[in-house]
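# Please work out how this folds:
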Amino acid sequence: MINKRVLIAEDNALNRKVFENIIGKRYFLETSENGFQAIEKIKQDSFDIILLDIQMPIMDGITACRIIKSEKLSTAPIIALSAYADESDKALFISSGFDDFLPKPIKPQTLLRLLNSYLENRAPNNSFEDYPIFSIEIIQKLLKFNSIENIQTVYRDFLEETYMLLGEIEELLEQKNFNEVGKKLHTIKGNSGTLGAIALYKFCESYELNIKNQKFNNIEKEYLNLKSLVIEFANHLKSHPILNS
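Okay, the predicted model is just below:
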């Protein structure tokens, strides 16, 4: 199950090391020191389960959980980590958006049982139907500092560059130059995230990760899916009242 991705936010360095020793060889593990760092990692990568310590500096686990849920940053289950272990505390965590609770200090077998219960039958977190094609919030933010004409130009340039990159990716796939494919995907991913193409961003993120991990079995099929997502995003822009005015 090493392909399952776990994110743990824990401010205590010793506790992070404990987590690494327990699950580092079983799952792909990322750690962060606070809720803010965890959210930044979630924006950049996909995870199959997220564990958040309740008490952390800068941003605590409850705040981070609420942001992840309200902004739909991830569909992964979110587990609360806390030394508070009575039923009223657990009820508070669940009402705050957590899916489960794990008491501290961490017991290895308890941790592994919990992870297995959530991850054993869970497909990797790459269902792009869970993500919106386009984020209207991005347009609203751009309109604060730009004219409609400028925004329209930005999106036209984005599509023009993306179609050009798709052509280059297709040629690189024929040449089996997967390293360069990853670089092109990284460019599309960055542009997509900036302009609110959420589903496209998440797909490029997963596609790029597969290449980095040398998972080439479905690479041509993934390219076709990428192309379809770009077309879908372009069609969405055509129907948008602001971008098509």
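# which secondary structure elements does the helix or strand bottoming out on mean pLDDT in the chain contact?
One helix or strand of the chain scores below all others by mean pLDDT, DSSP states H and E: helix 87-95, with a mean of 76. Applying 3 or more C-beta pairs under 8 Å, 6 or more residues apart in numbering; DSSP states H and E, we find helix 87-95 packed against strand 78-82, strand 100-103. For glycine as for every other residue, the C-beta is placed from the backbone atoms N, C-alpha and C.
# Columns mean neighbour count, mean pLDDT and distance to K176 on top of these, output as TSV?
Listed next are these as TSV, based on neighbours: other C-beta atoms under 10 Å; pLDDT from 0 to 100; distance: least, C-beta to C-beta, whole Å:
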stretch	mean neighbour count	mean pLDDT	distance to K176
strand 78-82	23	93	39
strand 100-103	18	88	43
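# Make CSV out of those strands and add distance to Y223.
Below are those laid out as CSV (distance: least, C-beta to C-beta, whole Å):
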stretch, distance to Y223
strand 78-82, 32
strand 100-103, 37
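# Tell me which of these sits nearest to R156.
Closest to R156 of the helices and strands packed on helix 87-95, according to C-beta to C-beta: strand 78-82, at 38.3 Å.
# residues in contact with that closest one?
8, 10, 49-55, 61-62, 65, 68-69, 89-90, 93, 96-104, 106, 114, 118 (C-beta atoms under 8 Å, 6 or more residues apart in numbering).
# And the strands in this structure?
Using DSSP state E, the strands of the chain run over 5-9, 28-32, 49-53, 78-82, 100-103.
# what's the neighbour count on E208?
Under the neighbour criterion other C-beta atoms under 10 Å, E208 is assigned a count of 19.
# picking that back up, just put the strands of the chain in JSON lines and tack on distance to N213.
Converted to JSON lines, these look like this (distance: least, C-beta to C-beta, whole Å):
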{"stretch": "strand 5-9", "distance to N213": "11"}
{"stretch": "strand 28-32", "distance to N213": "9"}
{"stretch": "strand 49-53", "distance to N213": "19"}
{"stretch": "strand 78-82", "distance to N213": "25"}
{"stretch": "strand 100-103", "distance to N213": "28"}
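# Quick check: L119 vs I8, distance?
Separation of L119 from I8 (C-beta to C-beta, to the nearest Å) stands at 14 Å.
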